[in-house]
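> A predicted structure for the sequence below; I have some questions about it.
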Amino acid sequence: MQFSETRNTSRWIIVFASFLIISLILWNTYTFFQIFKNEERLKMNLWANAQKTLINAGENTDVELPLQIFSNNTSIPIVLTENDSIINTVNIDEEIVKNKRRARAFLVNLKNENEPIVIEYVPGKFQKLYYGNSALLNKLKYYPVALLLIIVLFAGLVYNFYRSTKMAIQNKLWAGMAKETAHQIGTPLSSLIGWVELLKSENVDESITVEIERDIERLKTITDRFSKIGSEPKLESKDIIEETLQSYDYLQSRFSKQVEFSFKAPKSPIMVLLNPTLHGWTIENLVKNAIDAMKGRGKLAVSIEEDGGSVKIKVSDTGYGIPKKQFKTVFEPGFTTKKRGWGLGPSLTKRIVEEYHKGTIKVLNSEIGKGTTMQVSFKKSKLV
């Protein structure tokens, strides 16, 4: 507990320190921007005075200094006007100057950037000097934006790394718990097998022991499923019709007669690389979800069909349906429309189908109040 609190405190200190550093950088950048902006304003005042001196220069006036001031400005764009007419431009592209419409638009932009400097070269006669920001000042102006974007990107990468690490730890934890569950189930399962043998020796009704044996085999399958979580399953070339039918038959015998089951498939085998245990889990999840959607009453249809080099399994129900906007979110961990349950079935099924068997699963179609059809697709393998 103490370690957790210390870690949380450290995180908040890092967050606060990062925020403080960013604030200082942004404030420092803003200060530099204002300093440079004021310096450029002073330069433009000197340029305006030089212009006034040059206009009023007589034959004996020394114009070397004004001309030097003019030549030193190589970065700040200037538009000089008189009576709202452009009379001179500096550091502006000639293509803009030649085009009156573009020149006027450029002048409007300059008016928005800085206050003009009024040059009264003789009493009652004025020129206005409009100027923009230099390239250096513009770069400095956009620097905070670039910095914030870099920070956001960096924060996103850190968050993604943290989230991925957390998910990896959780996956290892769940895999460990699943394997431990499988191990724990193994002990009472062995005892049950012994009890069944004892019942047989006592000449108990054979139909009872057969059903118990079927349930024990089912428990073995479930144990095998849990033991495979977190490890790469072995894939074998199997007849997908036969493997699907085994799970279908078991589920049909265990559910209420209020559910009307139907199964349709080609007569010839269809070979697919799959793990029988995990494939049975896929079919079980799809069928159970369909029955839950119908609240234990309705029609459930399982069909298998070939489509070129692939095979498709469709599980249809007459339940309440899924809204179209939830077609993808239904496979996310934790998503459920039921009051009870963790919403792990569809996400686990998706992982079995897509990660282990390299297949695809999707909501083929669904209508509210009419039902849903789920589709699983696999690539066929060669018949062996």
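Cool, got the structure. This structure is a prediction, so every number in the text was calculated from the model and none was measured.

> which residue ranges form the helices in the protein?
2-55, 64-72, 94-98, 100-113, 135-201, 206-228, 240-254, 276-293, 345-351 (DSSP state H).

> just so I know, which of those lies nearest residue 88?
Residue 88 sits nearest to helix 2-55 of all those, at 8.6 Å, using CB to CB. Where C-beta positions appear, they are placed from N, C-alpha and C, glycine not excepted.

> state the mean pLDDT of that closest one.
On average, the pLDDT along helix 2-55 is 79.

> that one versus helix 64-72: what angle between them?
Here helix 2-55 runs at an angle of 140 degrees relative to helix 64-72 (axes from the mean of the first three to the mean of the last three CA atoms, to 10 degrees).

> most neighbours per residue, which of the helices of the chain?
Highest mean neighbour count of these: helix 276-293, a mean of 22 (counted as mean count of other CB atoms under 10 Å).

> what mean pLDDT does that one get?
Per-residue pLDDT values across helix 276-293 average out to 90.

> check which helices and strands that helix is in contact with.
Applying 3 or more CB pairs under 8 Å, 6 or more residues apart in numbering; DSSP states H and E, we find helix 276-293 packed against helix 206-228, strand 236-239, helix 240-254, strand 298-307, strand 310-317, helix 345-351, strand 371-379.

> the last one pairs with which strands, parallel or anti?
In other words, strand 371-379. Strand pairing for strand 371-379, using DSSP bridges, gives strand 310-317 (antiparallel), strand 360-367 (antiparallel).

> and the residue nearest the centre of the protein?
By CA atoms, centre = their mean, the chain has its centre lying nearest to residue 160, at 9.7 Å.

> let's see the pLDDT reported for it.
In this prediction, residue 160 carries a pLDDT score of 79.

> cool, residue 124 as well?
Here, the pLDDT recorded for residue 124 equals 83.

> residues near it, how many?
Neighbour count for residue 124, taken as other CB atoms under 10 Å: 5.

> residue 50 and residue 90, how far apart?
For residue 50, the distance to residue 90 equals 12 Å [CB to CB, to the nearest Å].

> residue ranges with poor pLDDT in the chain?
For the chain, applying pLDDT under 70 flags the ranges 1-8, 11, 59, 61, 166-184, 186-187, 189, 225-231, 333-344, 382-384.

> adding distance to residue 77, write the helices and strands packed on helix 276-293 out as a markdown table.
Below are those laid out as a markdown table (distance: least, CB to CB, whole Å):
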| stretch | distance to residue 77 |
| --- | --- |
| helix 206-228 | 71 |
| strand 236-239 | 74 |
| helix 240-254 | 73 |
| strand 298-307 | 66 |
| strand 310-317 | 64 |
| helix 345-351 | 59 |
| strand 371-379 | 63 |
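
> nearest to residue 289, of the ones you listed?
Of all those, helix 345-351 sits nearest to residue 289, with 5.9 Å by CB to CB.

> would you check how far apart the residue nearest to residue 332 when sequence neighbours are not counted and residue 354 are?
Excluding the flanking residues, the one nearest residue 332 by CB to CB, 6 or more residues apart in numbering is residue 347, at 6.2 Å. Going from residue 347 to residue 354 by CB to CB gives 11 Å.

> returning to what we had before: reformat the strands paired with strand 371-379 as CSV; add mean neighbour count and distance to residue 153.
Shown next, in CSV, are the strands paired with strand 371-379 (neighbours: other CB atoms under 10 Å; distance: least, CB to CB, whole Å):
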stretch, mean neighbour count, distance to residue 153
strand 310-317, 21, 40
strand 360-367, 17, 32
